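**Q** return a 3D structure for these sequence lines:
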Amino acid sequence: MTEDGGGSAAHHDGQAPALHIPSDQQKSSTTIQEEAYPMSPRRDTTTPNPFSRKNTTLDLDDYFTGPRDIAKHSKWPLFMQIHGSILPKLIVPLFVVACWASLITAISMKVPGVNLGISSILLTVTGFVVGLGLSFRSSTAYERYAEGRKCWSQLITTSQTLGRCIWLHAIDREGSAKQDMLAKLTAMNLVVAFGVSLKHKLRFEPYTYYDDIVDLVDHLDTFAKAATQEHTVRPHPGMFKAVGENLGLSFAASNPRKLMKKAESPLGNLPLEILCYLTSYIDELTLNGQLPIGMQQTTAYNALLALNDVMVNSERVLNTPLPIAYAIAISQITWIYVFLLPFQLLELAWITIPATVATSYIILGIFFIGHEVENPFGNDVNDLPLDLFCQQIVQDMETIAARRKPRTADWVEHPRNKVLYPHSDSNYGVWVQRPEQAIRKALRNRPHAEFEKMKAAEEKGDNNI
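**A** You can find the predicted model right below:
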């Protein structure tokens, strides 16, 4: 019997018919003014991917701002790639070093009787100290970067667990199945909103007017929403300030907490408030008997606790930078070493200038990398792609909710279920008609068949050598 014939027979036997997709005319004649099959994700209801090449082109600004599109493949050799490297942030420092080296070299070469050169022993001694400082700076910065990635990995895992618990474990009550389904979808949207709000909180963006969060929390009563209604002016940095920030100039960088300091009302803690709403929903599921098994309740409450841990650990990474004494000392030592380079390389004559710039690029490159990855939650090129992580949570929630809870018989007894594959191509229907002893005999012979297959492959490989 063909698949069409089987589907028709199932329909006549009283089973649910295949999904009927209405035509455009039937869609337009509905009384409900909504799309019959809304596409997902829809505008302003999901986290945008601002670094996707589908939405933007690789222009000059992309070399300075991030995070970098990790899905983009470059065919250039790694040492020739600029996007993602620290070189754009080194334009101004290397220019200053080049001017300084040119000045020292010109004075020594053109002014009679003046030689500013010093012994290269100082280069060796100070180089060892600078190496220790940069190694410490890089290791602590990457430790914070890795800690931030672990936090967001845990967030994605916990979101998947909580989404499955809500959609699959929670039972729809008789007479209110549709309302329960919509409540589940609302709760799963709050799981997405938690990740998006945590991203904004880690970037010191305390309000709710951002495109990826406004429609997710607009129906909630939160401090951030109330503060947003009072704070109507959105910051727009000027051109010179934006250029200075892109070039890594410290005097042009804004205080990241400026918006929080200018707040005229309490900003609250939006991720925590969303977590409170999720907790109340899980409480109602438990009290209503929609989570009848104790382990399901434990899974749900453990997921809520894990989300709280993610929030606290992320804030710990953000608010515990390298102690300022270490940061200042390492910065001063590095720059002193760089400015002393021309004096120790003057024996190279005019080659001192390019040699100083090249050496400074190596030293300052490691120094600036440590500074950039120290805060993994920002908008630098090498920061964590938090927008991509939030988009993954959206896709996970949509995948979970795309189908109703599957019945075991539907996929176990499916005619395409090859139970003993790859050792047998027989499907479930064939094996279910055989006696139990035959099945157990096949299972017992399966390891021997795999072993003989491996031995035959090894012998064939030996013969080919």
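
**Q** name the helix or strand for Cys99, please.
**A** Taking DSSP states H and E as the definition, one finds Cys99 inside helix 91-110.

**Q** now that helix: buried residues?
**A** The neighbour-count check on helix 91-110 (16 or more other C-beta atoms under 10 Å) flags 93-94, 97, 100-102, 104-105, 108 as buried. C-beta here means a position set from N, CA and C on the backbone, and glycine is covered the same way.

**Q** mind giving me CSV with the residues you listed and columns for distance to Gly133 and pLDDT?
**A** Shown next, in CSV, are the buried residues of helix 91-110 (distance: C-beta to C-beta, whole Å; pLDDT from 0 to 100):
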residue, distance to Gly133, pLDDT
Pro93, 17, 90
Leu94, 20, 92
Val97, 18, 93
Trp100, 21, 93
Ala101, 22, 93
Ser102, 27, 93
Ile104, 24, 90
Thr105, 27, 91
Ser108, 29, 87
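
**Q** so which of those residues is the closest to Arg316?
**A** Within those, distances to Arg316 taken as C-beta to C-beta reach their minimum at Pro93, with 31.1 Å.

**Q** the closest one touches Ser360, doesn't it?
**A** Yes - between Pro93 and Ser360 there is a contact under C-beta atoms under 8 Å: 7.4 Å.

**Q** can you tell me which residue is nearest the centre of this structure?
**A** The chain has Phe389 as the residue nearest its centroid, 3.1 Å off, counting by C-alpha atoms, centre = their mean.

**Q** contacts only, for that residue.
**A** 152, 155-156, 195, 199 (C-beta atoms under 8 Å, 6 or more residues apart in numbering).

**Q** mind doing that once more with 6 Å?
**A** Trp152 (C-beta atoms under 6 Å, 6 or more residues apart in numbering).

**Q** now do Pro206
**A** 260, 267.

**Q** and it, how far from Ala224?
**A** Pro206 is 6 Å from Ala224, where distance means C-beta to C-beta, to the nearest Å.

**Q** what do these two both touch?
**A** Common neighbours of Pro206 and Ala224 (C-beta under 6 Å, 6+ apart) are Leu267.

**Q** after whatever helix or strand Asn308 lives in, which helix or strand is next? Please name it.
**A** Using DSSP H and E, Asn308 sits in helix 294-319. Sequence-wise, the next helix or strand downstream of helix 294-319 (DSSP H and E) is helix 324-344.

**Q** and for that following helix, what's in contact with it?
**A** 101, 104, 116, 118, 120, 123, 126, 130, 133, 137, 352, 356, 359-360, 363, 367.

**Q** next, the angle from that helix to helix 91-110.
**A** 30 degrees (axes from the mean of the first three to the mean of the last three C-alpha atoms, to 10 degrees).

**Q** give me the neighbour count for Asn319.
**A** 8 (other C-beta atoms under 10 Å).

**Q** where does it land on pLDDT?
**A** We have a pLDDT of 91 for Asn319.

**Q** low-scoring stretches of the stretch 151-300 of the chain, by residue?
**A** When residues are selected by pLDDT under 70, those of the stretch 151-300 of the chain lie in 232-257.

**Q** for it, what spans make up the strands?
**A** With strands called from DSSP state E, counting those that start in this stretch, the stretch 151-300 of the chain shows none.

**Q** do you have the helices of it handy? List them.
**A** 177-202, 214-217, 223-230, 239-246, 258-261, 270-287, 294-319 (DSSP state H, counting those that start in this stretch).

**Q** can you name every helix or strand that the first one contacts?
**A** Other helices and strands packing on helix 177-202, by 3 or more C-beta pairs under 6 Å, 6 or more residues apart in numbering; DSSP states H and E, are helix 121-164, helix 214-217, helix 270-287, helix 294-319, helix 386-401.

**Q** may I see the buried residues of the last one?
**A** Read it as helix 386-401. Buried residues in helix 386-401, counted by 16+ other C-beta under 10 Å: 386-394, 396-397, 400-401.

**Q** do stretch 424-443 as well
**A** Applying 16+ other C-beta under 10 Å to stretch 424-443 flags 427-428, 431, 442 as buried.

**Q** for it, which outside residues touch it?
**A** Contacts of stretch 424-443 (C-beta under 6 Å, 6+ apart): 413, 415, 417-419.

**Q** kindly recompute the last result at 10 Å.
**A** 411-421, 423, 446, 449 (C-beta atoms under 10 Å, 6 or more residues apart in numbering).

**Q** any of these buried? List them.
**A** Judged by 16+ other C-beta under 10 Å, buried ones among the contacts of stretch 424-443: 418-419, 423.

**Q** and these as TSV, adding secondary structure and distance to Ser331?
**A** TSV is the format used below for the buried ones among the contacts of stretch 424-443 (DSSP: H, G, I helix; E, B strand; the rest coil; distance: C-beta to C-beta, whole Å):
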residue	secondary structure	distance to Ser331
Lys418	coil	64
Val419	coil	65
His423	coil	65
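
**Q** which residues are in contact with each of Pro93 and Ser360?
**A** With C-beta under 10 Å, 6+ apart, Pro93 and Ser360 have common neighbours 335, 338, 367.

**Q** which among the residues you listed count as buried?
**A** Using 16+ other C-beta under 10 Å as the threshold, 335, 338, 367 are the buried ones among these.

**Q** with those residues in mind, which one is nearest to Lys261?
**A** Closest to Lys261, out of all of these and judged by C-beta to C-beta, is Phe367, at 29.3 Å.

**Q** which elements pack onto the one helix or strand that closest one maps to?
**A** Assigned by DSSP H and E, Phe367 belongs to helix 352-373. In terms of contacts (3 or more C-beta pairs under 10 Å, 6 or more residues apart in numbering; DSSP states H and E), helix 352-373 is packed against helix 91-110, helix 121-164, helix 324-344.

**Q** out of those, nearest to Tyr277?
**A** Nearest of those (C-beta to C-beta): helix 121-164, 12.9 Å.

**Q** by how many degrees do the closest one and helix 270-287 diverge?
**A** 30 degrees.

**Q** burial count for Met295?
**A** Per other C-beta under 10 Å, the neighbour tally for Met295 reads 9.

**Q** ok, it to Ser159 distance?
**A** Counting by C-beta to C-beta, the gap from Met295 to Ser159 is 19 Å.

**Q** for Glu174, same thing?
**A** In terms of C-beta to C-beta, Glu174 sits 30 Å off from Ser159.

**Q** these two: who's more crowded?
**A** Ser159 (27 against 7).

**Q** quick one: residues contacting that one.
**A** 188, 191-192, 194-195, 303, 306-307, 310, 389-390, 392-394, 396-397, 400.

**Q** out of the helices and strands packed on helix 352-373, which gets nearest to Gln179?
**A** helix 121-164 (19.1 Å).

**Q** next, the angle helix 386-401 makes with the closest one.
**A** 20 degrees.

**Q** for Met109, give its distance to His448.
**A** Distance from Met109 to His448, by C-beta to C-beta: 84 Å.

**Q** from memory Pro170 sits against Tyr281, does it?
**A** Heads up, residue 170 is Ala, not Pro. Yes - counting by C-beta atoms under 10 Å, Tyr281 is a contact partner of Ala170 at 9.5 Å.
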